[in-house]
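Student: Provided below for reference: sequence and predicted model.
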Amino acid sequence: IEDLSANLKLQEQLVPQLYAHMKAFCVKLRLFETQLRSFNPAHFPALSEIKSAFPKTDLSAKKEKYVSVIASLVTEFNQRFQDFSVVEKQIKLFSTPFLVDAEEVEESLQLELIEMQCDDSLKSQHQLLSLPEFYQSLDNAKFPLMRLHAKRMMSLFGSTYICEQTFSQLNQNKSRLRTRMTDSHLCEVLRVSTTKLSPNMSAILQSKGQHHC
C-alpha cells in the first residue's frame, strides 16, 4: 500500500518537484557517505547506540561495508537519472522563469522570456498561482512558445505506472487462448481498454441501419 501511495504521489507531481527530490536525496547520500567515513553517527541512531554501548569495539570492517553500499547507491542513482542534467536548464526555465538569464535559454524563447520578466503583473501571478495555472493564464498570442515549453515540461512524468498498466493490459488481452489475434487487433483492443472515453452506445446503435441479435 505504501508503494502504491508513493507511486500515485509521483504521478501527481511536476518534473521540477521530482528533480528537487532527486537532488536532495543525492546530496543526503553524499553527506551520509562522508559522515560514515569519519565515524560521525549524527544521522545514524543505531550506530550511535552501538558506539556508546561498546566504545572499545572495532567497527572498521562494518563501516567500510556500509560506506561501499552508499557509494554504490550514489553511483547508481547518478546513472539512472543522468538525463535530468540534460534538461536541467529547461526545468529551471519552466519552474522559475523570472530568475533565469535570457541569454542562457534557447534563442527562440529569449524575446518572449524578456517580455514576461519585464511584466510586473505576471510576476505577481507567478507567485500566487500554481505553475499549470500560471502558464494557462498567459496570452497565447503573446507567449505561444513559452506556453508550448510549459506543456512539454508538464507532460513529463516521474512514474512508469502508465507504461506498466498498459503492458499488463497487453498481457491480459494477448493470452495463449487468443492466438488468432493479430498486431492490428491488439492495437485496437489496447486503445479501447486504456481509453478514458465512454462510448455512446445508444447513438452508435441508432446510426446503424440494421441491428443484429
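Tutor: Arrived safely.
Student: going by C-alpha atoms from here, please, whenever you check contacts or count neighbours.
Tutor: OK.
Student: in this structure, which spans are helices?
Tutor: 2-12, 15-37, 45-53, 60-80, 83-86, 88-95, 107-117, 120-128, 131-137, 144-155, 161-173, 183-194, 201-206 (DSSP state H).
Student: out of those, deepest packed?
Tutor: Mean neighbours per residue, mean count of other Cα atoms under 10 Å, is largest over these for helix 88-95, with a mean of 19.
Student: break this protein down into its structural domains.
Tutor: Segmentation of the chain into domains, based on the TED database, reads 1-81, 96-155, 159-174+181-194.
Student: by mean pLDDT, show me the worst of these.
Tutor: Here the domains of the chain differ in mean pLDDT, and the lowest is domain 159-174+181-194 at a mean of 76.
Student: any idea how far that domain is from the chain center?
Tutor: Domain 159-174+181-194 has its C-alpha centroid displaced from the chain centroid by 22 Å (Cα atoms, centre = their mean, to the nearest Å).
Student: stretch 55-75 too?
Tutor: 31 Å.
Student: other residues contacting that stretch?
Tutor: Under the criterion Cα atoms under 8 Å, 6 or more residues apart in numbering, residues 26, 29-30, 32-33, 36-37, 39, 51 lie in contact with stretch 55-75.
Student: can you do 6 Å?
Tutor: Stretch 55-75 is touched from outside by residue 33, with contacts defined as Cα atoms under 6 Å, 6 or more residues apart in numbering.
Student: picking up where we left off before, now the domains of the chain in a markdown table, with distance to residue 206?
Tutor: Supplementary listing: the domains of the chain in a markdown table, determined by distance: least, Cα to Cα, whole Å:
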| stretch | distance to residue 206 |
| --- | --- |
| domain 1-81 | 40 |
| domain 96-155 | 38 |
| domain 159-174+181-194 | 21 |
